[in-house]
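Peer 1: here's my sequence, what's the structure:
(chains A and B)
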Amino acid sequence: MKIPHLLIAIFTLALFNCKQEVWQIKQIKGKQIAITDSLKADPEIEAFIKPFREHVNKDLDSVLSYAVDTYSKSDGEFNTAIGNLFADVVYEQANPIFFKKTGKNIDMVLLNHGGIRSIISKGPVTSRTAYEIMPFENSIVVVGLKGSQINLLIDYLIKAKRAHPIAKLNLILDINDHLKEATISGKPIDVIKTYYVATNDYLYSGGDHMTFFKPEESIVFLDYKIRNAFIDYFKKTDTISPVIDNRFIKLKK
Amino acid sequence: MKRREFIQQTSASAALVATGGLGLTSFTSGEKTTKITILHTNDVHSHIDPFGPENGKNPNQGGVARRASLIDAIRKENPNTLLLDAGDIFQGTPYFNYYGGELEFKLMSKLKYDAATIGNHDFDNGIDGLFAQLPHAQFDFLSANYDFSNTVMDGLVKPYKVFEKGGVKIGVFGLGIELDGLVNKNMYKETKYLDPLEASQHMTRILKEDEKCDLIICLSHIGYYYKNNPDKISDLNLAAKTKDIDLIIGGHTHTFLPKPTIVKNSLGKNMLVNQVGCYGINLGKIDFHFYKGKPISSEGTSILV
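Peer 2: Below you'll find the model as predicted:
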């Protein structure tokens, strides 16, 4: 069956004309609307969130431990009670996991002073406390470093003059800020020995200018968040009472 | 808050107004004009509840339930609305740590998000953690430059999606940031990052020529602009180096803009780049007013921001 030519012609013309008709943007208006308390909360959404919120809050606020005092990272010169707690908790919680994975022990811990994000207030300690002092998601890593690089790490600490949290490493500065003694577990640093340094993934990747972690002899990701290490530690510890000690000191004369 | 508005309008638009109405009504049936509203968020980072009154930075701001009522009101005013998110849905409050993103995805589904792209923090529980939450998301994840073929996400993320609203075809494609150095490899595993510029050129060709889209939106998590690394690919650079993208909705850099940025694309045509900070404090709203007629110079478009 043949379609008359005229019809084809009309159809083609119509098609051609239709093709000319397209959506075009005449005007664009852009703005930003602030979500403030002047907006009414959608009751259905609010009701949906409520049980989740209650569960989280109940869990966050359940008392895990008790702090005998208020601990702040500004209390102390080369080491602070809260910083010592940070480093000691990482050692205590991470060493069994590292040992299970590798058959080796962690030799020392290094974290950063800036990573202590809040005080621990005297009184009940909860999971919320752990979120406050460690809001970041950083996980514990154990880096194998030659003693020669441990010496670079020590140089960094001496220059920084900040109470970066350390454990198992002991440093004594003389009155002129020169290193008098550096030991790990009571022994001087052996430049050819490999030491296993627990830190977090942020510092391992050069955070806070800690460039001495590279090149490393080995790296083990424990897949264990610092915050979770705190929560686990709080759960098994009745009272939190860290102190400023002699792990990093400067002699007065 | 009273925002300063200004009109960027070229001289050609006056001609447009004069020619635009000629003889059009006599042709096809159906609407001659329509409005498409694009709503968007980015880097909400698990901020489900509003900030409390004691918050030092953003007191009493944000909150999903408030955002829901705002979106609802806008949709009632214009049903031809798309709701998009530019990634980093996860991580930032204990909700994520407790539920792994389940609540975030469920709420976004209830708010009827149409699509989202994937941010680096969406890998924070690993690609397996993201995969595990996907059943809770009743919206599509779009990424044109993450190749998931050797991962659990294979086949679950589309490069683009075409929506039809009020007769207008809207093509949306997603872009993600380079993961190496930002996310541990053991988190993103075999996800391959492809060049965002090449991916965009490929996407705009498909959306413009094959899918015949009237509006093309890039949902990006590559970041607004890097002042200290100006050559790094970013929304502003991408906008200037491509054509046919009408709007880039950005994320990653948590950029608060006083108003959407007008950028000239590679053909000298004006387009918009927008980002609304972070934590669900703001909702971006871009209205595209369309009319149906014979193609004229794109310079006829006026942009009010």
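Peer 1: where do the helices of chain A begin and end?
Peer 2: Across chain A, reading from the start of the chain, the helices by DSSP state H fall at A:5-20, A:43-61, A:81-102, A:127-133, A:147-160, A:201-204, A:226-236.
Peer 1: could you dump the ones you listed to CSV with mean pLDDT, distance to chain B and mean neighbour count?
Peer 2: To be clear about C-beta, it is placed using only N, CA and C from the backbone, and glycine gets the same treatment. Rendered in CSV, the data for the helices of chain A read as follows (pLDDT from 0 to 100; distance: least, Cβ to the nearest Cβ, whole Å; neighbours: other Cβ atoms under 10 Å in any protein chain shown):
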stretch, mean pLDDT, distance to chain B, mean neighbour count
helix A:5-20, 52, 5, 10
helix A:43-61, 97, 4, 14
helix A:81-102, 98, 14, 20
helix A:127-133, 94, 6, 21
helix A:147-160, 97, 22, 17
helix A:201-204, 93, 7, 20
helix A:226-236, 97, 8, 19
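Peer 1: tabulate these (CSV), appending distance to B:I245.
Peer 2: Formatted as CSV, the entries for these read as follows, by distance: least, Cβ to Cβ, whole Å:
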stretch, distance to B:I245
helix A:5-20, 24
helix A:43-61, 32
helix A:81-102, 47
helix A:127-133, 40
helix A:147-160, 46
helix A:201-204, 35
helix A:226-236, 40
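Peer 1: quick one: list the elements packing against the lengthiest strand in chain B.
Peer 2: Across chain B, the strand with the greatest residue count (assigned by DSSP state E) is strand B:282-293. With contacts taken as 3 or more Cβ pairs under 8 Å, 6 or more residues apart in numbering or on different chains; DSSP states H and E, strand B:282-293 sits against strand A:22-34, strand B:33-41, helix B:64-77, strand B:270-274.
Peer 1: that one pairs with which strands, and in what direction?
Peer 2: According to DSSP bridges, the neighbouring strands of strand B:282-293, each with its direction, are strand A:22-34 (antiparallel), strand B:33-41 (antiparallel).
Peer 1: of the ones you listed, flag the one that's most buried.
Peer 2: Compared across the strands paired with strand B:282-293, strand B:33-41 shows the largest average neighbour count, a mean of 22 (mean count of other Cβ atoms under 10 Å in any protein chain shown).
Peer 1: tell me the buried residues in stretch B:281-297?
Peer 2: Within stretch B:281-297, the residues scored as buried using 16 or more other Cβ atoms under 10 Å in any protein chain shown are B:281-294.
Peer 1: if you could redo that for stretch B:137-148, that was the one I meant.
Peer 2: So, applying 16+ other Cβ under 10 Å, buried residues of stretch B:137-148: B:A137, B:F139, B:D140, B:F141, B:L142, B:S143, B:A144, B:N145, B:Y146, B:D147, B:F148.
Peer 1: lowest-scoring secondary structure element of chain B by mean pLDDT?
Peer 2: Of all the helices and strands that make up chain B, helix B:12-20 has the lowest average by mean pLDDT, DSSP states H and E, namely a mean of 33.
Peer 1: quick revisit: out of the buried residues of stretch B:137-148, which sit inside strands?
Peer 2: Checked against DSSP E, those include these in strands: B:D140, B:F141, B:Y146, B:D147.
Peer 1: which one of the residues you listed is nearest A:F98?
Peer 2: Set against A:F98, the nearest of those by Cβ to Cβ is B:Y146 (33.1 Å).
Peer 1: list the beta-bridge partners for that closest one.
Peer 2: Under DSSP bridges, the beta-bridge partners of B:Y146 are B:Y193.
Peer 1: and B:L182, what's its pLDDT?
Peer 2: Reading off the per-residue confidence, B:L182 sits at a pLDDT of 83.
Peer 1: re earlier: could I get the helices and strands packed on strand B:282-293 as a markdown table with distance to A:R117?
Peer 2: What follows is the helices and strands packed on strand B:282-293, written out as a markdown table (distance: least, Cβ to Cβ, whole Å):
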| stretch | distance to A:R117 |
| --- | --- |
| strand A:22-34 | 27 |
| strand B:33-41 | 26 |
| helix B:64-77 | 25 |
| strand B:270-274 | 32 |
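Peer 1: hang on, the earlier thing: between the longest strand of chain B and helix B:64-77, how many degrees?
Peer 2: Per axes from the mean of the first three to the mean of the last three Cα atoms, to 10 degrees, the angle that strand B:282-293 makes with helix B:64-77 is 20 degrees.
Peer 1: what mean pLDDT does the helix or strand just after strand B:282-293 have?
Peer 2: Stepping forward along the backbone from strand B:282-293, the first helix or strand reached (DSSP states H and E) is strand B:302-304. Taken as a whole, strand B:302-304 has an average pLDDT of 93.
Peer 1: and stretch A:105-112, by the same measure?
Peer 2: Computed over stretch A:105-112, the mean pLDDT rounds to 98.
Peer 1: dump the ones in strands among the buried residues of stretch B:137-148 into JSON lines; add pLDDT as well.
Peer 2: Shown next, in JSON lines, are these (pLDDT from 0 to 100):
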{"residue": "B:D140", "pLDDT": "98"}
{"residue": "B:F141", "pLDDT": "98"}
{"residue": "B:Y146", "pLDDT": "98"}
{"residue": "B:D147", "pLDDT": "98"}
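Peer 1: closest to A:L153 among those?
Peer 2: Sorting these by how near they are to A:L153, with Cβ to Cβ, puts B:Y146 at the top with 36.9 Å.
Peer 1: any idea how far A:Y196 is from B:Y99?
Peer 2: Distance from B:Y99 to A:Y196, counting by Cβ to Cβ, to the nearest Å: 35 Å.
Peer 1: my read: B:K112 touches B:L84, true?
Peer 2: No: counting by Cβ atoms under 8 Å, B:K112 does not reach B:L84; the two are 11.3 Å apart.
Peer 1: more neighbours: the two, which one.
Peer 2: Neighbour tally, B:K112 and B:L84, criterion other Cβ atoms under 10 Å in any protein chain shown: the higher count belongs to B:L84, 24 against 15.
Peer 1: just checking, the more buried one is part of a strand?
Peer 2: Yes: when the secondary structure is assigned by DSSP: H, G, I helix; E, B strand; the rest coil, B:L84 falls within a strand.
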